[in-house]
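Student: Pasting the sequence and the predicted coordinates here, then a few questions.
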Amino acid sequence: MDWGDKYSHTSFDLHCLLNSLPGDLEFKQIFSDIDEKIEQNATSIEHCIKEIQSEVNKQCPDVQLQTTTDCFEWLDNYNYNSSKSPSIPHGDLIKFLKTLQDSLKSELNQEEVILDLLWDLSCQSSVSFPATLSGASFHFLSRTSLHSVEDDSSMDVQSIWDNVRLHLRRFLVNKLQSHNEIINSQHKIWLKKQCIQQLLFLYPESEVIIKYQSIQNKLLAELLQNCFPAYSRELNLDIMAHGYQSTMLRLYSMIKEDFNTLHEILAPTSTLKFIKETYLDTVAEEMAKFLENFCELQFKESAIRVIKTSKSSSRHRGSVHALVTPECSQKGRNFFLSINELKFLAQLVKSFLKLEENVEELLEEIFISLKTPRNPSGILETSSWKVVTEKPKRNATSVPSEQLLPVKEATLPDFRWRNAFKEVSLPVAHCITAATEDFSTKILQQEQNERSSAVTYAMNLVNVQQVWQDSHVVPEEDQPKKIAKFCSDIMEKLDTMLPLALACRDDSFQEIRANFVEACCKVATAVLARLQERGKEFPSRAPLTNLHTLLSTAVYVFQHFTHFDNLLKENTKKPIFLVPVQRYQEFINTLQFQVTDYCVRVCATSILQDAESHHWDDYKAFYEGERCSFSLQMWHYFFCALHHDLWTILPPKLAQEILTDVLEKCLGLLASRYARAHPSYKRTPQIRLDVTTILICTENLLWSICTSVQKLLNPHQYIDDKIFKIHTHCNNLFTTLVILTSPLTELYQTFQHGMDDSASNSIKPFFKQPLHWFSCISHFYPSLLRAPSSGRLTAEGQLKLLLSQPGCNWKLLLETLLQQDGLLLRILLKSSNDNLNQGSSLIETIFKVLYHCNFSPQTFGNVFVSYMEEEQLWNFLYNIPGMKNLLFVEEVFYGYLNISLKML
């Protein structure tokens with residue numbers, strides 16, 4: 001089907017459009033003019049509001065407009081009250097309301113019908129109903145003079161209307177309470193929003209908020225009563241901490257539900273106030289009660305411990321961690337906290353910090369909406385009570401003043417949960433240093449004992465992914481894979497204590513942070529000393545793997561303290577862990593150099609030293625010229641082992657750097673040695689096999705050390721890069737191969753008359769190509785690596801490059817998926833056995849990836865059009881509800897592709 005002609009006239013040329021757009025200076029001038037006009041309009045509006053306030057205060061002494069919000073509320077009520085409403089006879093009005101009242105009393109399930117009827121009358125007939133309980137004037141009656149005598153008949157109407165409203169309110173409140181039992185969050189939000197909007201039609205906003213707040217308070221009280229038990233020594237602290245964490249998650253889900261329910265109905269300030277009073281203040285009070293009980297029990301136990309200690313000999317009194325001294329009594333109650341109790345408090349603080357962060361992110365949406373006008377809240381359609389724009393609700397200001405005026409600054413609600421922890425701040429500050437030093441000393445001593453009793457010097461390793469929960473703070477290419485177990489245990493303990501220091505926002509917690517920083521510096525020094533001690537065991541007693549482990553562990557600790565520094569220094573630019581970070585950086589650099597230098601020296605002095613293999617002037621063939629040197633075979637095995645260890649222990653980026661350095665220096669050594677070789681005629685085949693083996697092994701390692709296709713195929717663009725030097729060494733080795741192994745007759749015939757300038761100039765560019773050595777050996781060694789003239793890799797080569805990386809290279813992954821118009825994606829879709837009726841996760845994932853590739857719409861079309869045609873999915877798409885015309889679907893799809901392709 002030819003879609004190009006059909007859509008050629010409706011498409012547009014993107015380049016022509018871009019050329020017709022204004023430049024940067026024009027856009028700046030346009031935006032500057034717009035900002036100036038906005039400022040002028042804002043100034044004019046503020047001036048008008050002040051004039052209105054002054055005039056109303058003069059004309060109506062009983063009305064005093066003090067703020068902008070008062071002015072908008074008065075204008076809204078005035079405009080609404082002054083609108084024309086039909087005049088209804090008093091008898092008909094009483095009869096209508098009594099009929100409603102009798103219907104509600106005598107018939108069941110009539111509430112929804114009556115609510116819809118009242119709304120129809122309000123919206124379509126401009127009939128309004130009184131909302132207050134104070135007996136205000138009823139708007140069914142025509143407007144009269146302010147000095148006229150009040151008619152008592154309106155009180156009868158008000159009384160009947162109040163009875164009707166009361167019945168409907170009970171019905172809606174029961175519905176609100178029943179909606180809390182719904183599991184589906186989105187459906188629950190929609191139903192709650194509907195009920196609250198209906199209540200706002202009947203009652204003022206303040207009364208509706210109070211009633212809904214009481215409902216949610218009961219629900220929250222049940223949750224806290226079940227999940228916030230009183231503290232007792234018999235309870236397991238880990239189980240309690242886990243219970244509190246799950247409670248915070250449920251609490252946040254409740255806050256999020258109410259936020260999504262109210263933020264489109266109420267003013268932003270009202271929503272913030274509701275969330276603060278209902279949830280944040282309540283949970284802070286409950287935590288204060290819990291911690292008060294916790295402190296009381298801890299203080300009693302400390303007092304008992306002091307009494308028992310006072311009976312012991314005076315030489316043991318200095319070892320007591322917590323004593324009730326006059327100094328402590330002046331500052332506050334002090335008591336001893338164990339490491340488990342500190343961990344428990346830290347987990348509580350972490351839960352509150354996470355809740356605070358989530359709430360702040362959630363409420364920031366309100367501050368964004370403050371500058372964006374939105375539809376008036378509480379305006380409902382006849383059938384579904386959805387928000388509409390024709391008419392504002394009666395019982396609350398339709399458009400809050402925050403939405404009409406520019407907002408210069410918005411503040412989040414004050415979540416005063418830290419006040420609950422003030423009573424434990426002093427004991428935590430006194431105990432955190434001793435506890436931190438104590439557990440680090442025990443772990444280091446345990447590691448020393450295990451090392452003393454172990455048969456080998458191999459270190460116990462753990463996977464970083466299992467011990468570091470916040471691994472996302474470090475790029476994936478810099479994350480260590482395995483580290484020493486003792487170090488992971490220590491850092492895990494520090495991670496547990498970190499929330500206690502992060503809670504510092506006032507003076508009462510500053511001592512905790514200071515003591516935590518001091519303890520961390522001591523721990524960092526002790527761990528570094530242990531790592532340096534283990535490093536001295538290499539190479540005399542410990543294997544090379546230990547050196548890799550020490551390097552990975554040092555990187556892990558360095559990243560940890562860098563992360564701590566970024567979290568704790570807050571707004572100050574002065575680093576907190578400057579000295580430990582610098583020491584670890586120096587240690588990392590030393591270890592990296594030591595690993596590289598050791599590997600090169602081992603290759604130069606041990607592996608590549610073989611008298612039998614390198615006896616070049618021997619007139620006897622080396623194994624009849626059928627194999628390479630033993631030293632090169634061992635060199636290949638060494639690199640395979642080194643590649644495995646680096647890839648499984650070190651961070652991906654660091655592993656590639658070390659392997660690249662070792663390979664480059666070894667190739668330089670090999671190129672120098674073989675260039676000085678003078679083989680006999682019988683040893684010439686060995687030279688040929690040795691150099692060929694080196695080049696083949698190097699080609700195999702290039703896939704692992706190159707991070708992109710450009711570095712693999714165009715190394716000349718990275719002159720200072722190690723990879724370019726590797727190609728240089730390989731070209732030198734190939735030149736040695738040609739000179740030493742070519743037949744003498746051919747060499748003599750080629751160079752007996754020398755080389756003319758034209759031939760020399762034509763050959764020079766060829767020899768300057770970095771991949772020249774590979775293009776020469778590719779005739780007898782098949783590989784996926786192409787010559788630079790091809791410009792790109794095959795799909796198989798791209799996939800091999802991706803799988804050779806030490807970690808997931810996301811950029812290279814995307815490039816591989818888009819290779820050859822999405823060849824791999826088409827293969828995945830074709831081989832997929834997913835059930836289309838149940839929804840395919842693979843197809844959905846591929847669609848999302850290609851959908852966000854804005855610069856490759858052609859790949860999107862090639863992948864999915866071919867797949868849908870092969871699988872005959874157009875009929876499946878046609879059967880989806882809402883798809884009326886298959887031809888329309890195809891036209892839209894192909895039209896999108898046609899326009900996207902022409903935009904390129």
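Tutor: Cool, the structure landed. Predicted, not measured: the structure shown is a model, and the values here were computed from it.

Student: Return the residues in contact with Val602.
Tutor: By C-beta atoms under 8 Å, 6 or more residues apart in numbering, the contact list for Val602 reads Phe638. For the C-beta atoms, the positions are set from N, CA and C on the backbone; glycine is no exception.

Student: can you tell me how far it sits from Phe639?
Tutor: Distance of Val602 to Phe639, given as C-beta to C-beta, to the nearest Å: 11 Å.

Student: what does Val473 give?
Tutor: Val473 is 33 Å from Phe639, by C-beta to C-beta.

Student: Give me the more crowded residue out of the two.
Tutor: A count of neighbours by other C-beta atoms under 10 Å puts Phe639 above the other of Val473 and Phe639, at 22 against 13.

Student: in what helix or strand does that one lie?
Tutor: helix 630-649 (DSSP states H and E).

Student: Show me the domain layout of the protein.
Tutor: 247-310+319-373+396-417, 425-574, 608-803, 818-903 (automatic domain parsing).

Student: CSV please, covering these and showing mean pLDDT.
Tutor: Converted to CSV, these look like this (pLDDT from 0 to 100):
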stretch, mean pLDDT
domain 247-310+319-373+396-417, 73
domain 425-574, 88
domain 608-803, 85
domain 818-903, 69
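
Student: So for Phe72, which of the ones you listed sits nearest?
Tutor: Evaluated with C-beta to C-beta, the domains of the chain place domain 247-310+319-373+396-417 nearest to Phe72, the distance being 4.8 Å.

Student: end to end, how far does the closest one reach?
Tutor: 15 Å (C-alpha to C-alpha, to the nearest Å).

Student: Also stretch 848-860?
Tutor: 10 Å.

Student: just how off-centre is it within its chain?
Tutor: 23 Å (C-alpha atoms, centre = their mean, to the nearest Å).

Student: just the strands in the stretch 51-200 of the chain please.
Tutor: Along the stretch 51-200 of the chain, counting by DSSP state E, counting those that start in this stretch, no stretch forms strands.

Student: Could you pull out the helices in it for me?
Tutor: 68-81, 90-106, 111-124, 153-179, 185-202 (DSSP state H, counting those that start in this stretch).

Student: about what we covered before: ok, which of the domains of the chain comes nearest Leu104?
Tutor: Taking those one by one with C-beta to C-beta, domain 247-310+319-373+396-417 is closest: 24.8 Å.

Student: rewinding a little: tell me which other helices or strands the helix holding Phe639 touches.
Tutor: Counting contacts by 3 or more C-beta pairs under 8 Å, 6 or more residues apart in numbering; DSSP states H and E, helix 630-649 is packed against helix 544-568, helix 578-602, helix 652-675, helix 684-705.

Student: let's see 10 Å
Tutor: Contacts defined by 3 or more C-beta pairs under 10 Å, 6 or more residues apart in numbering; DSSP states H and E place helix 630-649 against strand 461-463, strand 482-484, helix 544-568, helix 578-602, helix 652-675, helix 684-705.

Student: residues of it that come out buried?
Tutor: 631-636, 638-639, 642-643, 645-649 (16 or more other C-beta atoms under 10 Å).

Student: Please state the offset of it from the chain centre?
Tutor: The answer for helix 630-649 is 37 Å, by C-alpha atoms, centre = their mean.

Student: What would that helix look like as PDB? C-alpha coordinates only.
Tutor: The C-alpha coordinates for helix 630-649 follow below in PDB (Å, rounded to 0.1, in the frame of the first residue of the first chain):
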ATOM      1  CA  PHE A 630      54.400 -22.000  25.900                       C
ATOM      2  CA  SER A 631      54.900 -18.500  27.400                       C
ATOM      3  CA  LEU A 632      52.300 -17.000  25.100                       C
ATOM      4  CA  GLN A 633      49.900 -19.800  26.000                       C
ATOM      5  CA  MET A 634      50.400 -19.000  29.700                       C
ATOM      6  CA  TRP A 635      50.100 -15.300  28.900                       C
ATOM      7  CA  HIS A 636      46.700 -15.900  27.400                       C
ATOM      8  CA  TYR A 637      45.600 -18.000  30.400                       C
ATOM      9  CA  PHE A 638      46.800 -15.200  32.700                       C
ATOM     10  CA  PHE A 639      44.700 -12.600  30.900                       C
ATOM     11  CA  CYS A 640      41.700 -14.800  31.000                       C
ATOM     12  CA  ALA A 641      42.000 -15.200  34.700                       C
ATOM     13  CA  LEU A 642      42.700 -11.500  35.200                       C
ATOM     14  CA  HIS A 643      39.700 -10.600  33.000                       C
ATOM     15  CA  HIS A 644      37.500 -12.900  35.100                       C
ATOM     16  CA  ASP A 645      38.700 -11.500  38.500                       C
ATOM     17  CA  LEU A 646      38.400  -7.900  37.400                       C
ATOM     18  CA  TRP A 647      34.900  -8.400  35.900                       C
ATOM     19  CA  THR A 648      33.500 -10.100  39.000                       C
ATOM     20  CA  ILE A 649      35.100  -8.000  41.800                       C
END
